[in-house]
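Enquirer: Dropping the sequence and predicted coords here.
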Amino acid sequence: MNKRGVVRSMFLAGEIVGAAIVAFLLISSAVKWSDSETPYKAYLARDMALVIDTLFSSPGNIIINYTQNVSKYNIDFNENSTTVYKKTQIDGMSYKFVGYKGFEMDLTLKNPAKIQFAKINDEISIGESLEKNLNLLKCDETTGESLKDKKILVDPGYEKDKIEPSGEICGIANSFIFKITNAWINYFNILSTRNLHEYDGDEGILSINCNDPSESDKPADAGVVISLRAGKNKDTTKNNIKAFIVSGSVKEKESRKLACLIINSILENKAFDNTKITGASIVPVDVEVTDKDFPEKIKDEIFVMLEIGNTESDDGKELLKKIPELGGSISSGFIKYGK
Amino acid sequence: MGNKKIFFSKKGSGFLLGKKPIYFIIVAFFLFIVFILFSYLVLSNISSTTTFPENIETTVLINRFLNSPECFAYQDEETGRTYTGITDLDKFNNENLNECYSADEDSPRAFMMDLNSDDYQKSVLTSNWRAKKINRMSQYVIIYDKGNFYGGTLLIAVQE
């Protein structure tokens, strides 16, 4: 056996492999870079990284509809970069962004027709169609114990210069009572500022006689008080949900959380998707100076006065007609509290 | 074939390279240089065709520090409202900065900020700060400290 011949053959094989590697690197790089779409991919990666940086810079909720055409590309988002590519990540272009500590993302969008970026309550979301609600409030996650065993006073209020509440508000109050007594709470824990009809054991219904204020329970006897009112605003472009709570109350934090959960529950209800709700807020008020018709002695209770919609606007009227949906959303907020 | 010899040492403890392998090493070296130059030129070209308005990324990131309640922006606890451009002195520290700007070594930008007013002087910097290629800028800010508001200046050093 010719030992010199073996060594030479191995050396030649090494040369061929080396040449092949160099050729592959040069050709693949040349192909990648000569692709006329590479600058556009680089631009998209950088632009989307910038959009994500912008989300982190936003002081509140924000939804960005991305307007560039990205339908030809696949896009990877991870915790600190965006990559735009066609077939594999090898032909892709990446750019970095900087998130909050602990931010995690692992998302691939394949040939998306459009992209939405959102920051809702400090949570970053990216997708083709997010269906996020900008009005959602950020609720305190730490406060509150379940309301299941508390006495709940329902106050349907009354319209100005009248002694009975509007038909819609009365209906919403009764719908709310129906939902929570059927699904969650004992009927004897329900109190009201109006006379309550006797509980019908067969039908499982307890309801308020809104026109009869003769038997009114006192807020002091309840652990939670919820007042319901229809909003009224001459500006017909407004159709807001507001929750008034008592500023300085010993239960202010709990009241705020309950108000937040109820409002978010309404905003997240798909039944209202076609009704334009223009805003939502929690308003702390001083009971000594407010012109709101708050029930008396609510300062030490968990108290929320929910003002729904705007009776002057078409959207508001439409919203107030959705009685079972509103009752259901309010009860969902109640049930979520303490969980 | 005489030029393609591989010379083995007589003791068999190693070998000496002939002319052809040396030729390949030189060629590989030059190819490597060509490859690096080619890469640099093409990447420069791509960068130039995707140029963004100057300072836009820096501006966006500085806005995060000033506008986001997770960074330095003052947020009213009662209403939850964030006051953009008002710096909460309690939040102006390294720990908070690195919570809201979790940079690693490869992150595009690093920051060092000095907050100055008549009564205060505080400095913070991001974890990837290395003090090289620095651009400096300053911005007027309102400082919130325990219920009081003061005027001040934020000096920002950006490392790109």
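Expert: Happy to help now that I have it.

Enquirer: which residues in chain B form strands?
Expert: If DSSP state E is used as the criterion, the strands of chain B fall at B:7-8, B:15-16, B:73-75, B:82-88, B:110-116, B:121-125, B:134-145, B:148-159.

Enquirer: Could you list the domains of chain A?
Expert: Using automatic domain parsing, the domains assigned to chain A come out as A:38-127, A:152-336.

Enquirer: What residue spans form the domains of chain B?
Expert: What automatic domain parsing lists as the domains of chain B is B:2-49, B:56-159.

Enquirer: just the ones you listed: most buried one?
Expert: Most buried of the domains of chain B by mean neighbour count (mean count of other Cβ atoms under 10 Å in any protein chain shown) is domain B:56-159; its value is a mean of 17. C-betas here are computed from N, CA, C, even on glycine.

Enquirer: for the record, mean pLDDT for it?
Expert: Mean pLDDT, domain B:56-159: 88.

Enquirer: quick one on the thing from earlier: out of the domains of chain A, which comes closest to chain B?
Expert: domain A:38-127 (3.8 Å; Cβ to the nearest Cβ).

Enquirer: isn't residue B:116 right up against residue B:152?
Expert: Yes. The criterion here is Cβ atoms under 8 Å, and residue B:116 meets it with residue B:152 at 5.9 Å.

Enquirer: and the longest helix seen in chain B, how far out from the chain's middle?
Expert: Selection of the longest helix in chain B by residue count, based on DSSP state H, yields helix B:19-49. Centroid separation for helix B:19-49 versus its chain: 27 Å, with Cα atoms, centre = their mean, to the nearest Å.

Enquirer: on contacts alone, who are the packing partners of that helix?
Expert: With contacts taken as 3 or more Cβ pairs under 8 Å, 6 or more residues apart in numbering or on different chains; DSSP states H and E, helix B:19-49 sits against helix A:3-34, helix A:38-57.

Enquirer: So which bits of the stretch 101-250 of chain A are right by chain B?
Expert: Proximity of the stretch 101-250 of chain A to chain B, by Cβ under 8 Å from any Cβ of the partner chain, involves residues A:101, A:102, A:103, A:122, A:137, A:138, A:247.

Enquirer: Who are the contact partners of the residue lying closest to residue B:82 once chain neighbours are set aside?
Expert: For residue B:82, ignoring the flanking residues on the chain, the nearest one in space by Cβ to Cβ, 6 or more residues apart in numbering or on different chains is residue A:59 at 4.0 Å. Contacts for residue A:59 (Cβ atoms under 8 Å, 6 or more residues apart in numbering or on different chains) come out as B:67, B:68, B:69, B:73, B:82, B:84.

Enquirer: Could I get the phi/psi values of residue A:59?
Expert: Backbone torsions of residue A:59, given as degrees, to the nearest 10, read phi -80, psi -10.

Enquirer: Please name the residues that touch residue A:260.
Expert: Neighbour list for residue A:260: A:137, A:138, A:139, A:140, A:243, A:282 [criterion: Cβ under 8 Å, 6+ apart].

Enquirer: Count the residues that sit near the nearest residue to the second one once chain neighbours are set aside.
Expert: Read it as residue A:138. Closest residue in space to residue A:138, ignoring its immediate chain neighbours: residue A:121 at 4.2 Å, by Cβ to Cβ, 6+ apart. If you count neighbours by other Cβ atoms under 10 Å in any protein chain shown, residue A:121 ends up with 12.

Enquirer: pretty sure residue A:99 is touching residue A:55, no?
Expert: No. Taking contacts as Cβ under 8 Å, residue A:99 lies outside contact range of residue A:55: 9.2 Å.

Enquirer: quick revisit: can you give me the angle the longest helix of chain B makes with helix A:38-57?
Expert: 60 degrees (axes from the mean of the first three to the mean of the last three Cα atoms, to 10 degrees).

Enquirer: quick revisit: ok, so of the residues of the stretch 101-250 of chain A next to chain B, who is nearest residue A:320?
Expert: Closest to residue A:320 out of those is residue A:137 (20.8 Å), distances taken as Cβ to Cβ.

Enquirer: Tell me the backbone dihedrals of that closest one, please.
Expert: The phi and psi values for residue A:137, taken as degrees, to the nearest 10, are phi -100, psi 160.

Enquirer: which residues of the stretch 151-300 of chain A score low on pLDDT?
Expert: Along the stretch 151-300 of chain A, segments meeting pLDDT under 70 span A:158-165, A:198-205, A:213-214, A:219.

Enquirer: So for the chain, the centremost residue is which one?
Expert: Using chain A. Central residue of chain A (Cα atoms, centre = their mean): residue A:136, 4.3 Å from the mean position.

Enquirer: meant chain B, my bad for not saying
Expert: Geometric middle of chain B (Cα atoms, centre = their mean) lands on residue B:109, at 2.9 Å.

Enquirer: Would you agree it is in contact with residue B:157?
Expert: No. With contacts counted by Cβ under 8 Å, residue B:109 stays clear of residue B:157, the gap being 10.7 Å.

Enquirer: so where do the strands sit in the stretch 101-250 of chain A?
Expert: Assigned strands in the stretch 101-250 of chain A, in chain order: A:107-110, A:115-120, A:123-127, A:152-155, A:190-192, A:195-196, A:208-209, A:224-230, A:240-246 (criterion: DSSP state E, counting those that start in this stretch).

Enquirer: okay, these in a markdown table with mean neighbour count next?
Expert: What follows is those, written out as a markdown table (neighbours: other Cβ atoms under 10 Å in any protein chain shown):
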| stretch | mean neighbour count |
| --- | --- |
| strand A:107-110 | 12 |
| strand A:115-120 | 20 |
| strand A:123-127 | 17 |
| strand A:152-155 | 25 |
| strand A:190-192 | 22 |
| strand A:195-196 | 16 |
| strand A:208-209 | 19 |
| strand A:224-230 | 24 |
| strand A:240-246 | 24 |
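
Enquirer: For residue A:286, find the nearest of those.
Expert: Residue A:286 lies closest to strand A:240-246 among the strands of the stretch 101-250 of chain A, at 8.0 Å (Cβ to Cβ).

Enquirer: partners of the closest one in the sheet?
Expert: Strand pairing for strand A:240-246, determined by DSSP bridges: strand A:279-285 (parallel), strand A:302-308 (antiparallel).

Enquirer: Relative to the whole chain's centre, how far out is the helix or strand just after that strand?
Expert: Sequence-wise, the next helix or strand downstream of strand A:240-246 (DSSP states H and E) is helix A:252-268. What separates the centre of helix A:252-268 from the centre of its chain is 12 Å, taken as Cα atoms, centre = their mean.

Enquirer: Now look at stretch A:66-75 and say if it contacts chain B.
Expert: No. Stretch A:66-75 is not in contact with chain B by Cβ under 8 Å from any Cβ; minimum separation 12.4 Å.

Enquirer: For that stretch, buried residues please.
Expert: The neighbour-count check on stretch A:66-75 (16 or more other Cβ atoms under 10 Å in any protein chain shown) flags A:66, A:70, A:73, A:74, A:75 as buried.

Enquirer: For that stretch, what is the distance to the chain centroid?
Expert: Here stretch A:66-75 is found 26 Å from its chain centre; the criterion is Cα atoms, centre = their mean.

Enquirer: Can you give the contact residues for it?
Expert: Stretch A:66-75 is touched from outside by A:37, A:41, A:44, A:47-48, A:51, A:82-87, A:108-117, with contacts defined as Cβ under 8 Å, 6+ apart.

Enquirer: Return a ChimeraX selection command for the buried portion of the residues of the stretch 101-250 of chain A next to chain B.
Expert: A single ChimeraX command selects the buried members of these (16+ other Cβ under 10 Å):
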select /A:103,137,247
